[in-house]
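Q: sequence plus predicted model, see below.
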Amino acid sequence: ELTLNDWHTLNIIENGANVTVKVDDITVLSSSSIQKTSYGRVGMFTENASMYIDNFACNFSSGDIPQDGILEYSILPNTLATYLEIESIDDNNLVAVNNKAKLASDDAGATWKNVTYTSDYKKLYNKGTYVSLLKLHDGTYMQIQTGSENLMSQTSSDLKTWTNGTNICSKAEQVDSSNRRLAIIHVNTLTEVKLSGDNYRVFCPVAFRVYDHSGELTTHITKIYYTDDKGTTWNVSSTTSSDIYSNDDWSECKVIKCSDGTLRMYTTRNRTGYVSYTESTDNGLTWSGYNNITSLPCAVTSFAIAEDNGTYYMLWNPGIMDNEIYTCPRSRLCLLTSTNGKNWTFAMNCEYMDPTYTVEGDSIPLYQILDPSITITDDYIYITFGRSISEDEFSHNAQRVFYIRLDKDAIQTRNWSTNNLSSVI
């Protein structure tokens, strides 16, 4: 029996189906037949009582240690959405946008509020399927409009008043004779790289859907567009994805500049089963080579990548591709780091879900993780992604935006082996 206003030591020891609970080193509960175990988080609660918790600690038999410095919760918990893109104004103020909402934060992302139509940020673009918003090196912003016959960049110095640029590609390329949308971008599509001197280049890979005579979507071809004048004019690399590797399906690509000055365009939404990339040595005018990173297996999934003062971060959805459902599994999201943009080290799991298939016996997994996005400021890494919470008629089930704010100084790398994929995915 516990007395009021006294501190007690609580220990919970778990090993598979075996659980023991001790209070002040006395066993009060034990079981060897736990039926349901799954991935998740460690937490404590009381029922019909209140308590204080201090000196909370976790010890893992693997030798791993918990990741500290995390704030996480679901944003827009009642809204079907697969992504959210965040951009900073200053250390405390941020905006976020997807195709369902515009949000703002004035406390470094601790809380978020809906932007109303009378707000200063009401002209943030949030129509179409995806949006892309980027803060450039000089503090100005670029966003991409994706209307029915429009793929146009806009710039702003304050996120309030926007100036139209030009269409990234011609209207004739964007919609076909059957009025099907061909040109698509993705969350976090825009990236900016520094060239020589004070020159900068913004890249925007655009995927073009390819349909057969019956109207079936068969593949995507990616063209790499770039601008040196903030969207006043756009050019296109002379190399397309089909020139590099014609037997693959490329979309949702992103460009970064590696520490050795070369450019890499990464893609995880391909059919090779791995994170893949192509490279450019002439600042994106041409691209060559098609390489798989065999230590980073994945199905046809989304990813995100960003660079911050010489450190690179990637959000990666690992898994051994299901040959019958090549877009799955999508039940785990990891954060990787790199010092050169080429060699990657495992840092943490952002989400880790039970890859349960639908109760209806459908071949599509019930829980899926989609469309990650990453934004970095001086103090924090902001991570968002879509996460299924239940079955739904939507093809990716009931998606809600999940949000993580991670203290940048708290990141620590961990051991990783692809050998454990078969047992955890």
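A: Right, received. Where do you want to start? Residues are numbered from 1 along each chain as shown.
Q: now do the helices in this protein.
A: Counting by DSSP state H, the chain has helices at residues 171-174, 241-244, 421-424.
Q: low-confidence ranges, the protein, go.
A: 36-40, 117-118, 147-149, 323-326, 356-364, 417-425 (pLDDT under 70).
Q: swap the cut-off to 50 and go again
A: Counting by pLDDT under 50, the chain shows low-confidence ranges at 422-425.
Q: for it, which residue occupies the most central location?
A: P372 (1.5 Å; C-alpha atoms, centre = their mean).
Q: quick check: that residue vs P77, distance?
A: 18 Å (C-beta to C-beta, to the nearest Å). Using the backbone N, CA and C atoms, a C-beta is placed for each residue, glycine as well.
Q: one more: S242?
A: 41 Å.
Q: leaving out the residues flanking it, which one is nearest to S280?
A: L263 (4.2 Å; C-beta to C-beta, 6 or more residues apart in numbering).
Q: could you do D407 as well?
A: G69 (3.0 Å).
Q: can I assume that neighbour is in contact with Q412?
A: No. The criterion here is C-beta atoms under 8 Å, and G69 misses it with Q412 at 9.9 Å.
Q: related to what we said a few turns ago, give the contact list for the residue nearest to S280.
A: V193, V255, I256, K257, E279, S280, T281, N283, G284 (C-beta atoms under 8 Å, 6 or more residues apart in numbering).
Q: as CSV, the residues you listed with distance to N179 and neighbour count would be great.
A: Below are the contacts of L263 laid out as CSV (distance: C-beta to C-beta, whole Å; neighbours: other C-beta atoms under 10 Å):
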residue, distance to N179, neighbour count
V193, 35, 20
V255, 30, 27
I256, 35, 21
K257, 38, 22
E279, 37, 16
S280, 34, 21
T281, 40, 13
N283, 36, 19
G284, 32, 22
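Q: and those residues, which two are furthest apart?
A: I256 and T281 (14.3 Å; C-beta to C-beta).
Q: how many neighbours does the closest residue to V300 other than its chain neighbours have?
A: With C-beta to C-beta, 6+ apart as the measure, T327 is the residue that lies nearest to V300, at 4.4 Å, once sequence neighbours are left out. Using other C-beta atoms under 10 Å, T327 is surrounded by 17 other residues.
Q: ok, now how distant is T327 from S153?
A: 30 Å.
Q: and for S302?
A: 22 Å.
Q: again, but for G109
A: 26 Å.
Q: N5: which of the contacts of L263 is nearest?
A: I256 (55.9 Å).
Q: quickly list what that closest one is bridged to.
A: Legend: beta-bridge partners of I256 under DSSP bridges are R264.
Q: I figured it hits E279, correct?
A: No. I256 is beyond contact range of E279, at 10.8 Å (criterion: C-beta under 8 Å).
Q: what is in contact with the two at once?
A: With C-beta under 8 Å, 6+ apart as the test, I256 and E279 both reach L263, R264.
Q: what's the neighbour count on the residue nearest to I381 when sequence neighbours are not counted?
A: Computed as C-beta to C-beta, 6+ apart, the closest residue to I381 that is not its neighbour in sequence is L406, at 4.5 Å. Applying other C-beta under 10 Å, we find 25 residues neighbouring L406.
Q: ranges for the strands of the stretch 301-425 of the chain?
A: 304-308, 311-316, 332-338, 345-352, 369-376, 380-388, 399-407 (DSSP state E, counting those that start in this stretch).
Q: meant to ask about the stretch 101-250 of the chain
A: 102-105, 113-114, 133-135, 141-145, 152-156, 163-167, 183-184, 191-194, 200-211, 217-227, 235-240.
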